[in-house]
Structure formats: structure tokens, C-alpha cells
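Engineer: Dropping the sequence and predicted coords here.
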Amino acid sequence: MDDRSNTRRNTKARRFSLLTPHTLLLTAAAAVAAGTFVAGAARAADAYPDRPVRLIVGFPPGGAADILGRIAAQHLGDALGQQVVVDNRGGAGGLIATETAAKANADGYTLLFTSIPHVINPHLYRRVTYDAVRDFSPAVLFVTVPLMLAVNAALPMKDVKELIAYAKSRPGQVNYASAGAGSSSHLAMELFKTMAGVELNHVPYKGTGPLLTDLIAGQVGITIASAVPLIPQVKAGKLRGLATTGAKRSAALPDLPTIGETVRGYDVTNWFGIVAPAGTPRPVVTRVNQAINKALRRNDVKELLVSRGADPGGGTPEEFARIIRTDYDKWGKVVKASGARVD
């Protein structure tokens, strides 16, 4: 045997000699503990859920988030065989609810029904205690909901092209309403202003309800807001819908064109989905994902969602995660360009 073989043999012997009985005992104990943890997590996931699940919704009762969140909760509970309790935590555009969910135990018993403010708020608010991407495990996209560009029925414009011409003929004289500074309706209109090259004055409201009251009364003439509460007013003839904001026409409003058909490249789509605190066991996330996907394949659920102005979602957790990451970057740029900030 040559010297190199002897050297390798001696090196291995020295390494083995460093593993004292105490070290070997600790190593074995760590291995057992790791195995026990994995087995325990697997058992917990298999038993999930063995008690009611809390679904936090970041907006008060009656709005789009609450309406859609309760539909999701009902069908999630039916599939899981446990009650899913909706916990409305309104305030700060969903910020309070999101912070609450981020601090919850990562066991699947606290979930967050979230939407596009999830990725807007970190850019909008100066003090945010969570990371919108890293602090959550996306479970499933529930629905996408286009916003709607709508006007008071007494105004003359019938489409987006006429609205742009109307605004350009009255620079700085036309007001638009939003659901609040930094809201998706505010930022969607700011993006429209930039891409269409028009000047419009912002009139912020404290939510979509007060906005609709003044829009119908003619106190303000134009808005971009969630299609869910606007559709009944459009059908009643109190408002006129000009377009939706998504990249393609909505299944809920197939006859209404998109803004992008006139303003090329314009695309704003609100989404609603379920996320869990980061670290939630993957089997638990998978169960939530499968439960919602199962519900979304039912014709009655699809019809219910479309009647509410929503397009059914679904898909994998990874697909929803990509939507969140992409929109986080997109809306960061829009917030910066708009100059909107909330202390």
C-alpha cells in the first residue's frame, strides 16, 4: 500500500476518533428528534382540521372581499368537514388583517382571504410589519375580479374613446372618485391617466359605499371601482359601465369591452385568494388548495361567482405565488409614480 493510501486511512481514522460517545449520542438524539418532528407534522397534517378554522377578511361586512370571502369559507368548510369562521378585521385597506395573519401560528387554523391590497400596502404605507411575499404561503387563487370604469348615467360618453376625448377637451376640470387614497381604484385610475394622457382630479372617499352614493347622485361623474358593487347599479340604469380593466373581457360581463381594447397594454385585475402564515406545513396548504379547486369545478359555484361579477380562479399554490410576486413589483412602480403615501 502506498503512502497516499495510508494517509487517507489515517485521516478517516482521525475523523472517526473525533466522534466521542457524547457526540454520537447527541447526533443520534438530533436524528430522532428530527424524525419525530417530521412524523408529528405529517400526523398533524393528516388530522387537519380537527377544529374550526379562522378565515380573516381584511374589510368590513358587505363589500366585495366579505361577499366573496364568505362564499370561499362556506365551500372550504364543506370540503374540509369543519366550520370555517369568517373574521372581519377591517381597517387600513386590509393592513390590519394581514399583520394579524402574519403573526398567527403556522398550523393552518388561521388563514387570510386576501386581495390586491396585499401587494399594494407595503409600497403605500410607511410602516408595515410583514413581508407580503416571504411571510406567507400562498394556497390558492379563488377568483379574479375586474374593476369597472363607470360614469354617472347623465354624462354623455358611451365608451372609453369618448371619455378620453371629453377629458382632453376639459383639462383639469374633470373629477373622478376612488374608494380611498392608495386603493386599487385610485391606482387603477392613475395608471389610466398616465397611459391615456388625460388630466383628472382625484376625489378620495372612505370606501366604495360612499363613493357610489355620490356617483349616482352626480356629485362626481367618473370612477374605476370593483365591478361587484357596480354591476347592480349599471343594470338599474343609475350608472353606465364603459369598460372593465382586465387583460381580457370578464366572463361576468362579456359584452363590456376592456380599457385595453382602446388604451393598448392597460391591465388591472383584482384577485382574491387564500394564503397561510409562512411555515404552514405543505400538506395543510395542499388540502386547502384541493378543497377550493374542488369547489370551483362545480357548476353551481361557478354560476354563483359569475353572478357576483367574479371569474373563478383555481390552480396550484405556485401559480398563485407567481401572481403575488409579479403584482408586488408592478404595483410598487405604480405607487411610486402616483406619489401616494400613507403615514
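Structural biologist: Perfect, thanks for sending it.
Engineer: per-residue confidence for D3?
Structural biologist: The confidence metric pLDDT takes the value 52 at D3.
Engineer: One more: T7?
Structural biologist: 48.
Engineer: now swap in the one 10 residues further on and tell me
Structural biologist: Per-residue confidence for S17 comes out at a pLDDT of 46.
Engineer: shaky segments in the stretch 1-150 of the chain?
Structural biologist: Where the stretch 1-150 of the chain drops to pLDDT under 70, the residues are 1-45.
Engineer: show me the contacts for the residue nearest the centre of the chain.
Structural biologist: The centre of the chain sits closest to S115, judged by Cα atoms, centre = their mean, with a distance of 2.6 Å. If you count contacts by Cβ atoms under 8 Å, 6 or more residues apart in numbering, S115 has them with G58, A65, G94, S184, N270, W271, F272, G273. For the C-beta atoms, the positions are set from N, CA and C on the backbone; glycine is no exception.
Engineer: May I ask which of these has the most neighbours?
Structural biologist: G58 (30 neighbours; other Cβ atoms under 10 Å).
Engineer: thinking it is in contact with I116, fair?
Structural biologist: No - counting by Cβ atoms under 8 Å, I116 is not a contact partner of G58; they are 11.2 Å apart.
Engineer: V263 versus the residue lying closest to the residue nearest to the centre of the chain once chain neighbours are set aside, what's the distance?
Structural biologist: Closest residue to S115 apart from its sequence neighbours, by Cβ to Cβ, 6 or more residues apart in numbering: F272 at 4.7 Å. Per Cβ to Cβ, to the nearest Å, F272 is found 25 Å from V263.
Engineer: With V335 instead?
Structural biologist: Distance from V335 to V263, by Cβ to Cβ: 20 Å.
Engineer: One more: P254?
Structural biologist: 20 Å.
Engineer: Which one's more surrounded, those two?
Structural biologist: V263 (20 against 9).
Engineer: mind listing the helices for this structure?
Structural biologist: 3-18, 21-47, 64-80, 95-102, 117-124, 160-168, 184-196, 208-217, 227-235, 282-296, 299-307, 317-338 (DSSP state H).
Engineer: Next, format the ones you listed as TSV and append distance to R249.
Structural biologist: Output for the helices of the chain, formatted as TSV (distance: least, Cβ to Cβ, whole Å):
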stretch	distance to R249
helix 3-18	67
helix 21-47	40
helix 64-80	19
helix 95-102	31
helix 117-124	24
helix 160-168	13
helix 184-196	17
helix 208-217	22
helix 227-235	12
helix 282-296	20
helix 299-307	13
helix 317-338	19
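Engineer: among those, which is the most enclosed?
Structural biologist: helix 117-124 (a mean of 24; mean count of other Cβ atoms under 10 Å).
Engineer: Please parse the chain into its domains.
Structural biologist: 3-42, 52-144+271-338, 146-261 (automatic domain parsing).
Engineer: Pull the contacting residues for A104.
Structural biologist: T110, P277.
Engineer: can you tell me which of the helices of the chain comes nearest to A177?
Structural biologist: A177 sits nearest to helix 208-217 of all the helices of the chain, at 4.8 Å, using Cβ to Cβ.
Engineer: quick one: contacts of the closest one?
Structural biologist: 62-64, 150, 152, 177-179, 185, 205, 220-221, 223, 225-226, 229-230, 233, 238-239.
Engineer: Please pick the buried ones from those residues.
Structural biologist: Those of those that meet the buried threshold are 63-64, 150, 152, 177-179, 185, 205, 220-221, 223, 225-226, 229-230, 233, 238-239, by 16 or more other Cβ atoms under 10 Å.
Engineer: which ones among those are found in strands?
Structural biologist: Using DSSP state E, the subset of the buried ones among the contacts of helix 208-217 located in strands is A150, N152, A177, S178, T223, A225, S226, L239.
Engineer: which one is the fourth one nearest to, not counting chain neighbours?
Structural biologist: With Cβ to Cβ, 6+ apart as the measure, H186 is the residue that lies nearest to S178, at 3.8 Å, once sequence neighbours are left out.
Engineer: measure that neighbour to T326 for me?
Structural biologist: 20 Å.
Engineer: With P204 instead?
Structural biologist: 27 Å.
Engineer: circling back: for I259, which of the helices of the chain is the nearest?
Structural biologist: That would be helix 160-168 among those, by Cβ to Cβ, at 5.7 Å.
Engineer: check contacts around R54.
Structural biologist: Taking Cβ under 8 Å, 6+ apart, one finds V84, V85, D87, Y109, T110, L111 in contact with R54.
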